[in-house]
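Trainee: Provided below for reference: sequence and predicted model.
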Amino acid sequence: MKQSKLFTAAITFTLLSSVLAGCAGPTPTPTSTSRLTFSTSRDGNYEIYVVDADGSNPTNLTNNPAHDSWPAWAPDGSKIAFHSDRDGNLEIYVMDADGSNPTNLTNSPATDQLLAWSPDGSKIAFVSHPDGNLEIYVVDADGSNPTKLSNSPGWDILPAWSPDGSKIAFFSYRDGSSEIYVMDGDGSNPTNLSNNPAADENPAWSPDGSKIAFHSDRDGNLEIYVMDADGSNQTNLTNNPARDGQLDPRVPAWSPDGSKIAFFSYRDGNSEIYVMDADGSNPTNLSNNPATDQLPAWSPDGSKVAFVSDRDGNDEIYVMDADGSNPTNLTNSPADDLWPAWAP
């Protein structure tokens, strides 16, 4: 399956593989749409690269024989966090934006993964299982003060910070099925927001923090839903007999202004990048290609969408205008290039 290939390339899902198939803060550096990071196997193992948005200057930032993946920019663009197994198991690392000073933040015998920066860049949430059960942890951006936030007999995974940093959404199996939960940033007041016997997963906050988009199969197939931040007004946005989305931690993807949501859909017989208005109206196929197109990522100014496509025979990073025009292959390598992430 394509999905399992993407996940294997991104992180070592020793425990997740059977289940899994971000107002205040630092002023972003004014580099907007200039660079993207991605993971690539072009050097024989997965490394973190950076490339200019026109495809020029691809540069290996990690340059290590270990598996380095899942790049995530700090909100101010000064650092990049990532996963690495260079110390024998998967850990959360951080490095300067030029690849210097790689530092192991978690330094634990357990698998640490699925990282998410807090909006002010002071903390990183992640998933770990030192006690044998997947839970949400947080650590300061310098590696100090690792703290367990969730504590339940069911798996708690995929932390997503609210835009103001006060809350963390995640999904949990503590109720017998996957549900969208939210808790305060210190782990207090965990609350079931979705409260449905179906599988509800992949919470994604709207930029203003008023809504949460998520995936659910409560209508018999995977659809994109949205609800208010308190769990009220749960609404099916896609409402299509085809599968809309995959169990992927970076979609659904809100546009920076919150007016649109990008996702991938199988309604045309293959995986395509779609965009719709935030109320579900005007669904539009942006990629419109017989190949597999997935993993949409909005540029910070909302003018472009990066995505992954195998239309040239292997997975490559492409960029297109936000209306789907001008698709351009940025990576153009015989290796697999995955997980594009724009610099702030």
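Mentor: Arrived safely.
Trainee: by contact count, what packs against the host helix or strand of residue 226?
Mentor: According to DSSP states H and E, residue 226 maps onto strand 223-228. With contacts defined as 3 or more Cβ pairs under 8 Å, 6 or more residues apart in numbering; DSSP states H and E, strand 223-228 has these neighbours: strand 211-216, strand 235-236, strand 260-265. Placement of C-beta: from N, CA and C, glycine included.
Trainee: turn those into a markdown table, including mean pLDDT, mean neighbour count and distance to residue 324.
Mentor: Listed next are these as a markdown table, based on pLDDT from 0 to 100; neighbours: other Cβ atoms under 10 Å; distance: least, Cβ to Cβ, whole Å:
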| stretch | mean pLDDT | mean neighbour count | distance to residue 324 |
| --- | --- | --- | --- |
| strand 211-216 | 97 | 24 | 21 |
| strand 235-236 | 98 | 14 | 24 |
| strand 260-265 | 96 | 24 | 11 |
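Trainee: take these and lay them out in a markdown table including distance to residue 39.
Mentor: Below are these laid out as a markdown table (distance: least, Cβ to Cβ, whole Å):
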| stretch | distance to residue 39 |
| --- | --- |
| strand 211-216 | 23 |
| strand 235-236 | 33 |
| strand 260-265 | 18 |
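Trainee: give me the residue at the spatial middle of this protein.
Mentor: For the chain, residue 250 is the residue whose C-alpha lies nearest the centre (Cα atoms, centre = their mean; 2.8 Å).
Trainee: name the nearest residue to it, sequence neighbours excluded.
Mentor: Spatial nearest neighbour of residue 250, excluding adjacent residues (Cβ to Cβ, 6 or more residues apart in numbering): residue 295 at 6.3 Å.
Trainee: angle of the strand or helix carrying that neighbour against strand 260-265?
Mentor: In this assignment (DSSP H and E), residue 295 forms part of strand 293-298. With axes from the mean of the first three to the mean of the last three Cα atoms, to 10 degrees defining the directions, strand 293-298 sits at 170 degrees from strand 260-265.
Trainee: coming back round to it: what's the burial count for the residue nearest to residue 250?
Mentor: 25 (other Cβ atoms under 10 Å).
Trainee: ok, it touching residue 340?
Mentor: Yes. Residue 295 is within contact range of residue 340, at 6.9 Å (criterion: Cβ atoms under 8 Å).
Trainee: so what sits against both of these two?
Mentor: 307, 308 (Cβ atoms under 8 Å, 6 or more residues apart in numbering).
Trainee: of the helices and strands packed on strand 223-228, which is nearest residue 134?
Mentor: For residue 134, the closest of those is strand 211-216, at 18.4 Å, according to Cβ to Cβ.
Trainee: may I have the strands that pair with that closest one, each with its orientation?
Mentor: Applying DSSP bridges to the sheet, strand 211-216 is found paired with strand 200-205 (antiparallel), strand 223-228 (antiparallel).
Trainee: most packed of the ones you listed?
Mentor: Among the strands paired with strand 211-216, strand 200-205 has the highest mean neighbour count (mean count of other Cβ atoms under 10 Å), at a mean of 25.
Trainee: for it, what is the average pLDDT?
Mentor: Mean pLDDT, strand 200-205: 96.
Trainee: with stretch 184-194 instead?
Mentor: Stretch 184-194 comes out at a mean pLDDT of 98.
Trainee: and if you look at stretch 115-122?
Mentor: Mean predicted confidence for stretch 115-122 is 98.
Trainee: gap between that stretch and the chain center?
Mentor: Averaging C-alpha positions (Cα atoms, centre = their mean, to the nearest Å) puts stretch 115-122 13 Å from its chain's average.
Trainee: touching it from outside, list them.
Mentor: So stretch 115-122 is contacted by 22-26, 70, 72-76, 79, 81-83, 92, 123-126, 138, 140-141, 159-165, 185 (Cβ under 8 Å, 6+ apart).
Trainee: which of these are buried?
Mentor: 22, 25, 70, 72-76, 79, 81-83, 92, 123-126, 138, 141, 159-163, 165, 185 (16 or more other Cβ atoms under 10 Å).
Trainee: how about the contacts made by the nearest residue to residue 163 once chain neighbours are set aside?
Mentor: Spatial nearest neighbour of residue 163, excluding adjacent residues (Cβ to Cβ, 6+ apart): residue 209 at 4.3 Å. By Cβ under 8 Å, 6+ apart, residue 209 lies in contact with 23, 162, 163, 164, 229.
Trainee: let's have the residues you listed in JSON lines, adding pLDDT, secondary structure and distance to residue 103.
Mentor: JSON lines is the format used below for those (pLDDT from 0 to 100; DSSP: H, G, I helix; E, B strand; the rest coil; distance: Cβ to Cβ, whole Å):
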{"residue": "23", "pLDDT": "33", "secondary structure": "coil", "distance to residue 103": "28"}
{"residue": "162", "pLDDT": "98", "secondary structure": "coil", "distance to residue 103": "27"}
{"residue": "163", "pLDDT": "98", "secondary structure": "coil", "distance to residue 103": "27"}
{"residue": "164", "pLDDT": "98", "secondary structure": "coil", "distance to residue 103": "27"}
{"residue": "229", "pLDDT": "98", "secondary structure": "coil", "distance to residue 103": "34"}
